[in-house]
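Novice: Sequence and computational prediction follow.
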Amino acid sequence: MPGWKALHIITGLGVGGAEQQLRLLLRHLPVDCDVVTLTNPGPVAEGLRADGVRVVHLGMAGNRDVSALPRLVRLIRSGGYDLVHTHLYRAGVYGRVAARLAGVRAVVATEHSLGGTQLEGRALTAGVRALYLASERLGHATVAVSPTVADRLRRWGVPEPRIEIVPNGIDVARFRFDPVGRERTRRRLGLPEGAYVIGGIGRLTAGKRFGVLIEALARLPPDHRLLLVGGGPEENVLRRTAQRAGVTDRVLFTGERPYDPEGSRGLDLPSLTSAMDVLASPSPEESFGLAVVEGLAAGLPVLYSSCPAVEDLPPHLSAGARRVRGGAEAFARALAETRALSETRAPDEAGPGRPPSRPVSAAARHYCITRTAARLMDVYASAVSCSSPSPLGVTPR
């Protein structure tokens with residue numbers, strides 16, 4: 001609403017789905033927003049500042065650095081915020097407590113990463129759940145990024161009236177397939193002409209199971225390449241996996257590629273999806289599946305193990321996405337079938353030596369960022385209208 005001032009608190013601003021989603025969202029929210037990052041003011045912080053957003057690094061030393069709490073309270077009070085919106089687990093715990101101590105009018109949190117067995121890579125222990133629920137009661141609404149996450153929150157014990165569903169969004173136009181950009185990007189990557197490129201997008205962590213794609217690659221003809229977009233602690237493990245599988249020269253690691261809304265930094269995520277022929281996501285547990293939606297926006301066929309963003313949609317909206325159950329053998333078989341199907345269509349849809357056209361999937365259009373921003377504004381309006389400043393210990397609603 002005009003005149004509102006909001007503070008977004010997030011655990012860190014390295015390259016990740018929640019972090020990049022925050023940057024994209026702030027470009028579309030009609031609210032004056034500042035951002036506090038508890039730790040790691042990484043590339044996304046640089047991007048936010050380039051967008052004109054004020055970013056403050058709180059300098060939190062770790063999960064138990066309670067000295068950060070009074071600093072956060074003072075910062076919130078001095079900012080005169082109407083609303084505090086937290087993102088990710090640690091920011092949710094500290095941010096909601098600080099917001100209530102500061103007497104903020106409304107407190108909202110987005111649950112980006114609640115899986116069936118883990119939360120942001122940490123096991124869902126009784127202690128994690130208890131702390132989560134205790135801090136959740138200090139907010140006015142908890143936003144789930146998918147109906148699947150909403151169901152998980154209900155099973156955890158979050159009351160139904162406090163849960164709002166606001167799916168993640170993407171800039172559909174930025175991911176539209178660019179045939180000229182495709183050829184330019186493939187040349188920059190040193191990909192052989194005619195290579196069939198399998199893409200994987202995400203943090204290189206054990207939970208993403210990118211090793212499955214490397215092992216699948218070893219079962220496919222030598223003209224197949226694997227393009228892994230992202231960085232993370234498992235990169236060296238994946239490189240060793242490629243070496244053992246004998247496909248080192250067929251796997252390309254791009255490192256972290258921050259999303260560039262203006263498309264001015266060369267090898268950003270949309271240019272890399274244009275260079276791919278298929279996107280594969282072998283992660284067995286997702287809260288949304290943003291990479292899958294980005295692949296669909298680029299017109300790619302997508303193979304996935306888990307993707308609430310697709311599974312929560314009516315079947316007629318999810319054309320182009322196929323669920324694969326199993327490991328390397330199942331993905332190798334699905335990839336071979338996907339390539340064969342695309343090659344039977346190519347002569348009718350493209351000229352000689354050119355890739356077929358790639359229409360944007362209906363699923364991708366469904367998750368347009370402008371729709372996400374509008375739905376979140378409804379949540380903000382509801383939280384502000386039914387709340388008032390109150391001290392810590394008074395439970396909203």
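Specialist: Ah, there it is.

Novice: Least confident secondary structure element in this protein?
Specialist: Within the chain, judged by mean pLDDT, DSSP states H and E, the helix or strand with the poorest mean is strand 122-123; its value is a mean of 76.

Novice: That strand pairs with which strands?
Specialist: Here strand 122-123 has these sheet partners by DSSP bridges: strand 118-119 (antiparallel).

Novice: returning to that earlier point: give the buried residues for the very next helix or strand once past the least confident helix or strand of the chain.
Specialist: Following strand 122-123 in sequence order, the next helix or strand is helix 126-136 (DSSP states H and E). Going by neighbour count (16 or more other Cβ atoms under 10 Å), the buried part of helix 126-136 is 132, 135-136. In this view, the C-beta of every residue, glycine as well, is placed from N, C-alpha and C.

Novice: Nearest to Leu226 among these?
Specialist: Nearest to Leu226 among the buried residues of helix 126-136, counting by Cβ to Cβ, is Tyr132 at 36.2 Å.

Novice: residue contacts, the closest one?
Specialist: Taking Cβ atoms under 8 Å, 6 or more residues apart in numbering as the criterion, Tyr132 is in contact with 89, 92-93, 119, 156.

Novice: cool, and Thr205?
Specialist: Counting by Cβ under 8 Å, 6+ apart, Thr205 has contacts 121, 232-234.

Novice: Quick one: residues in contact with the least confident helix or strand of the chain.
Specialist: Under Cβ under 8 Å, 6+ apart, the answer for strand 122-123 is 89, 117, 128.

Novice: Same check on stretch 165-173?
Specialist: For stretch 165-173, the surrounding residues in contact (Cβ under 8 Å, 6+ apart) are 17, 21, 24-25, 28, 110, 112, 143-147, 150, 261, 288, 290, 293-294, 297, 309, 360, 364-365, 367-373, 375-376, 379.

Novice: Quick check: mean pLDDT of that stretch?
Specialist: Mean pLDDT, computed over stretch 165-173, is 95.

Novice: now do stretch 383-396
Specialist: Here stretch 383-396 scores 60 as its mean pLDDT.

Novice: Longest helix in this structure, please.
Specialist: Using DSSP state H, we find that the single longest helix of the chain is helix 328-349.

Novice: Would you mark the buried spots in that one?
Specialist: Within helix 328-349, the residues that count as buried by 16+ other Cβ under 10 Å are 328, 330-332, 334-336, 338-339, 342.

Novice: Which of those sits closest to Asp223?
Specialist: Arg339 (9.9 Å).

Novice: and the closest residue to Thr248 other than its chain neighbours, how many neighbours?
Specialist: In space, and not counting its chain neighbours, Thr248 is closest to Ala242: 4.8 Å by Cβ to Cβ, 6 or more residues apart in numbering. When neighbours are counted by other Cβ atoms under 10 Å, Ala242 registers 22.

Novice: which element is Ala242 on?
Specialist: Assigned by DSSP H and E, Ala242 belongs to helix 235-245.

Novice: what does Val180 give?
Specialist: With DSSP H and E as the criterion, the answer for Val180 is helix 179-189.
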